[in-house]
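Q: below are the sequence and a predicted model; questions follow.
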Amino acid sequence: MPFVLLAFAIAFEVTATLSMRASEGFTKPWPSVIVVAGYVISFVFMAKALTSLNVGPVYAIWSALGTIGAFAGGVLLFDEPVKPVTIAGAVIVVVGVIVINLGGGVHQG
């Protein structure tokens, strides 16, 4: 169950981040509302997940998958460029998360 909560936290964080881009500097009201609500909901789900998971690896997963999700969303929704170096960076982020999890795992205890 904690991983489902973490997945929801990531989904809401990515939605909030992409809405921030769509808000055009908080000049558009609906995307701006989604930004605030998305981050609040994301942190609530993250807090619930952290009641039974270790903070370091979970935060690494949350931030890495959030980064990958925002990158992919930017490409798909806003036609942002994809360059080999950005793909390499995404791979490095994922490898880093794997290494962190190998070092301690995500379960408390």
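A: Yep, that arrived. Numbering: from 1, shown residues only.
Q: what about the helices in the chain?
A: 2-22, 29-49, 55-78, 84-104 (DSSP state H).
Q: okay, those in JSON lines with mean pLDDT next?
A: Shown next, in JSON lines, are the helices of the chain (pLDDT from 0 to 100):
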{"stretch": "helix 2-22", "mean pLDDT": "96"}
{"stretch": "helix 29-49", "mean pLDDT": "97"}
{"stretch": "helix 55-78", "mean pLDDT": "91"}
{"stretch": "helix 84-104", "mean pLDDT": "86"}
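Q: okay, the ones you listed, which one's buried deepest?
A: With neighbours taken as mean count of other Cβ atoms under 10 Å, these reach their highest mean count in helix 2-22, at a mean of 19. C-beta here means a position set from N, CA and C on the backbone, and glycine is covered the same way.
Q: how about that helix as CSV, C-alpha atoms only?
A: Only the C-alpha atoms of helix 2-22 are listed here, as CSV (Å, rounded to 0.1, in the frame of the first residue of the first chain):
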residue,chain,number,x,y,z
PRO,A,2,2.8,2.5,0.7
PHE,A,3,4.0,2.2,-2.9
VAL,A,4,0.5,3.0,-4.2
LEU,A,5,0.6,6.1,-2.0
LEU,A,6,4.0,7.0,-3.4
ALA,A,7,2.7,6.5,-7.0
PHE,A,8,-0.1,8.9,-6.3
ALA,A,9,2.3,11.4,-4.8
ILE,A,10,4.5,11.2,-7.9
ALA,A,11,1.5,11.6,-10.2
PHE,A,12,0.2,14.7,-8.4
GLU,A,13,3.6,16.2,-8.3
VAL,A,14,4.1,15.8,-12.0
THR,A,15,0.7,17.2,-12.7
ALA,A,16,1.4,20.2,-10.5
THR,A,17,4.8,20.8,-12.2
LEU,A,18,3.4,20.6,-15.7
SER,A,19,0.5,22.9,-14.6
MET,A,20,3.1,25.4,-13.4
ARG,A,21,4.4,25.6,-17.0
ALA,A,22,0.8,25.9,-18.3
